[in-house]
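Undergrad: return atomic coordinates for the entry below.
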Amino acid sequence: MMHRSLSLHKYLLIAIALYMTAAYLHVGYVHADEYYQIFQFAAAKIGLHVLGMPWEYSDKMRSTLLPALVVAIYKIYSLFTSPDPFILGFIMRIVASIISLSSIIIMLQVFLPTIGGDQLNIEKKYLCLLSLFTLAGIYYNIHYCSENISGSLILIGFSILFANFKSQVLKYVLAGLFLALAFTARFQVGFLIFGLISWLIFIERLEFRLLIVLLLSLIVSIVLFNIILDHWYYGQWTITAWNYFKQNIVLNKVNSYRSEPWFYFFYMGASILPFGLLYVIAAIILFAYKPRHPLTWALFPFILVHSVIGHKEIRFMVPIINFMPLCLMYAVEIVYNKFGIRLLNAQKTIKTLWWINCMSLVVMVVPPTTEMPLYKYLYRNYQRPTDYYFLTYGGSDVDFYKRQNLLSHKIEKIDDIKCDPVRPCLLALTCGQVEKLGFHNDKKIVYSQCPSFLYKLNFGDWIGRTAIYNVYRLN
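TA: Presented below is the predicted three-dimensional model:
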């Protein structure tokens, strides 16, 4: 157990307050897949009117574990009142925050004693700080997305494997359960699981009886939370993991998107301020000097496979983001033991990095989805049947956050609008479209994200590339 004077409880209370505040303010989704692969799937199962579904839906290639939890909470919510999708979105961010913080606390409880010996030291302190308070960590940990949830679940499973249990059988049953849940949440973490189990077999030489317990727990849990749950959702038996592999690898659909060089994750990871470069260097040091370490066996195949596949996005590395503080502290020890250099003595540099990190946390005040305030305005202010016209996006297919009586109409030009005099008629234009079309009908604006002074700051036409809106009532 961790030395009490480290005050993990104090850090945890601050982290809880910070995470809850961020979850409240950070409305929306970091990436469109966070919405379409979870909340749009949930909307369809709940029975909400949906204009369209992602292509993955018809190919049955998405696990429905995460949408199923949204559906369950929605159903419970509806027993008491008509569910507000924005409150439900906040609830799901709270759920994500609880799962993430739980995984971090379990990891700290298990691995703090392995950092810097048994005594309280600066390495333990920085492991806590890096695990709980970095911008990149908080930014993703509060979001109910497959990258974050799978990463948190696999961190729990990983930590359980190195925790002290009275019952070894229970230990490996629980480890198998959480590894299976992680795989079901996001199939790509299967490469991390493969590396970890390989380490248990070839390096740890795990007792055969316990290996069978782990594998049985893993397989049974996948059957329950992947295959059977997907049957409930899709209404027929299917293996979504195979469908995912078939579509993306066999049919090579993954490379129909933009491809990046093999070293993409190194330079993109290093660009994440303020600790990204340190994380990348730490991983390289760990892999080079500790090839038999379980972190090496778990992380290396995950990074390698993602580096080989052409299509890359930095969010693909989010499942391992909560492993990186631990990786960094092990790298600090390696540098000290190999070269006698105590990196944590560079206090001026460390304080500068933490100052940058703390100042950067202000971005959590800004919703990651600039359209979300528009959706909220429509939901709160137009509760009767309303015609809603748009040229692009602007709530066109984010059906989970729309009232059922909001009639959406995609148009090619303004002249296509046909307002019904008996119901409100709204037009949403991005601020770039307002400027391009010269549609400066300010008297009809009922909602605006682009006041007139903003156009004077339109350097490099950033407004034209940003999803911020004016909404006009035309009747």
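Undergrad: identify the residues contacting the nearest residue to E435 once chain neighbours are set aside.
TA: Once flanking residues are discounted, E435 sits nearest to Y455: 6.5 Å by C-beta to C-beta, 6 or more residues apart in numbering. For the C-beta atoms, the positions are set from N, CA and C on the backbone; glycine is no exception. The contact partners of Y455, taken as C-beta atoms under 8 Å, 6 or more residues apart in numbering, are 431, 435, 463.
Undergrad: can you check Y35 too?
TA: 29, 398, 400.
Undergrad: again with F194
TA: P301.
Undergrad: separation between it and N322?
TA: In this structure, F194 and N322 are 19 Å apart, going by C-beta to C-beta, to the nearest Å.
Undergrad: how about Y472, phi and psi?
TA: Backbone torsions for Y472, taken as degrees, to the nearest 10, come to phi -110, psi 140.
Undergrad: that one - how many residues pack around it?
TA: Applying other C-beta atoms under 10 Å, we find 21 residues neighbouring Y472.
Undergrad: just the pLDDT for it.
TA: Y472 is assigned 95 on the pLDDT scale.
Undergrad: list the residues that contact V305.
TA: F191.
Undergrad: who's the residue nearest to P424 when sequence neighbours are not counted bridged to?
TA: Of all residues not flanking P424 in the chain, T386 sits nearest, at 4.5 Å (C-beta to C-beta, 6+ apart). Applying DSSP bridges to T386 yields these beta-bridge partners: L406.
Undergrad: can you pull the contacts of T386?
TA: Counted by C-beta under 8 Å, 6+ apart, T386 has contacts 378, 405-407, 423-426.
Undergrad: just the closest of these to F86, please.
TA: The shortest approach to F86 among the contacts of T386 belongs to L378, at 11.2 Å (C-beta to C-beta).
Undergrad: check what pLDDT the closest residue to L181 other than its chain neighbours gets.
TA: Nearest non-adjacent residue to L181, counting by C-beta to C-beta, 6+ apart: L153, 4.7 Å away. The pLDDT attached to L153 in the predicted structure is 98.
Undergrad: pull out the buried positions in whichever strand or helix holds K348.
TA: In this assignment (DSSP states H and E), K348 forms part of helix 347-360. Going by neighbour count (16 or more other C-beta atoms under 10 Å), the buried part of helix 347-360 is 353-354, 357.
Undergrad: which residues does the next helix or strand after it contact?
TA: Of the helices and strands lying after helix 347-360 in sequence (DSSP H and E), the nearest is helix 372-381. Helix 372-381 is contacted from outside by 27-28, 84-86, 367, 386, 388, 394-395, 398, 401-403, 406, 426, 428, 446-447, 449, 469, 471, using C-beta under 8 Å, 6+ apart.
Undergrad: return the subset of the residues you listed lying in helices.
TA: The members of the contacts of helix 372-381 that map onto helices under DSSP state H are 85-86.
Undergrad: kindly export the strand or helix carrying V71 (C-alpha atoms) in PDB.
TA: V71 belongs to helix 65-78 when assigned by DSSP H and E. The C-alpha trace of helix 65-78 is given here as PDB (Å, rounded to 0.1, in the frame of the first residue of the first chain):
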ATOM      1  CA  LEU A  65     -21.600  -2.300 -25.000                       C
ATOM      2  CA  LEU A  66     -21.300   1.400 -24.700                       C
ATOM      3  CA  PRO A  67     -24.600   2.300 -26.500                       C
ATOM      4  CA  ALA A  68     -26.300  -0.300 -24.300                       C
ATOM      5  CA  LEU A  69     -25.300   1.500 -21.100                       C
ATOM      6  CA  VAL A  70     -26.700   4.800 -22.600                       C
ATOM      7  CA  VAL A  71     -29.900   3.000 -23.400                       C
ATOM      8  CA  ALA A  72     -30.200   1.500 -19.900                       C
ATOM      9  CA  ILE A  73     -29.600   4.900 -18.200                       C
ATOM     10  CA  TYR A  74     -32.100   6.500 -20.600                       C
ATOM     11  CA  LYS A  75     -34.700   3.900 -19.700                       C
ATOM     12  CA  ILE A  76     -34.200   4.400 -16.000                       C
ATOM     13  CA  TYR A  77     -34.300   8.200 -16.400                       C
ATOM     14  CA  SER A  78     -37.600   7.900 -18.400                       C
END
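Undergrad: buried ones in that helix, by neighbour count?
TA: 65-71, 73-74.
Undergrad: residues touching the residue of the chain positioned farthest from its centre, list them.
TA: Distance from the C-alpha centroid of the chain peaks at P421, with 43.3 Å (C-alpha atoms, centre = their mean). Going by C-beta under 8 Å, 6+ apart, P421 touches N475.
Undergrad: got the contact list for V363?
TA: 135, 139 are the contacts of V363 under C-beta under 8 Å, 6+ apart.
Undergrad: what's the helix or strand for the residue found closest to I320 once you drop the neighbours it is linked to in the chain?
TA: Spatial nearest neighbour of I320, chain neighbours left out: L299 (5.9 Å); criterion: C-beta to C-beta, 6+ apart. Element membership for L299, per DSSP H and E: helix 294-308.
Undergrad: helix or strand right after that helix?
TA: helix 324-339.
Undergrad: how far does that next one sit from its chain's centre?
TA: 27 Å (C-alpha atoms, centre = their mean, to the nearest Å).
Undergrad: one more: stretch 285-293?
TA: That offset, for stretch 285-293, works out to 28 Å (C-alpha atoms, centre = their mean).
Undergrad: over to stretch 70-77?
TA: On C-alpha atoms, centre = their mean, the centre of stretch 70-77 falls 20 Å from that of its chain.
Undergrad: quick one: mean pLDDT for it?
TA: Rounded mean pLDDT across stretch 70-77 is 98.
Undergrad: quick one: residues contacting the nearest residue to P83 once chain neighbours are set aside.
TA: Once flanking residues are discounted, P83 sits nearest to Y77: 4.4 Å by C-beta to C-beta, 6+ apart. Y77 sits next to 83, 87-88, 91 when contact means C-beta under 8 Å, 6+ apart.
Undergrad: and which of these is nearest to L224?
TA: Each of these was scored against L224 by C-beta to C-beta, and I91 proved nearest at 24.3 Å.
Undergrad: that closest one contacts I73, doesn't it?
TA: Yes: if you go by C-beta atoms under 8 Å, I91 and I73 touch, sitting 6.2 Å apart.
Undergrad: so for the helix holding L299, what gets flagged as buried?
TA: Quick answer for helix 294-308 (16+ other C-beta under 10 Å): 294-303, 306-307.
Undergrad: avg pLDDT for it?
TA: 97.
Undergrad: and for stretch 257-270?
TA: pLDDT averaged over stretch 257-270 gives 94.
Undergrad: what's that stretch in contact with?
TA: So stretch 257-270 is contacted by 276-277, 279-280, 303, 306-308, 310-312, 314, 316-317 (C-beta under 8 Å, 6+ apart).
Undergrad: gap between that stretch and the chain center?
TA: 19 Å.
Undergrad: repeat that for stretch 252-262.
TA: 21 Å.
Undergrad: same check, this time on stretch 454-462
TA: 31 Å.
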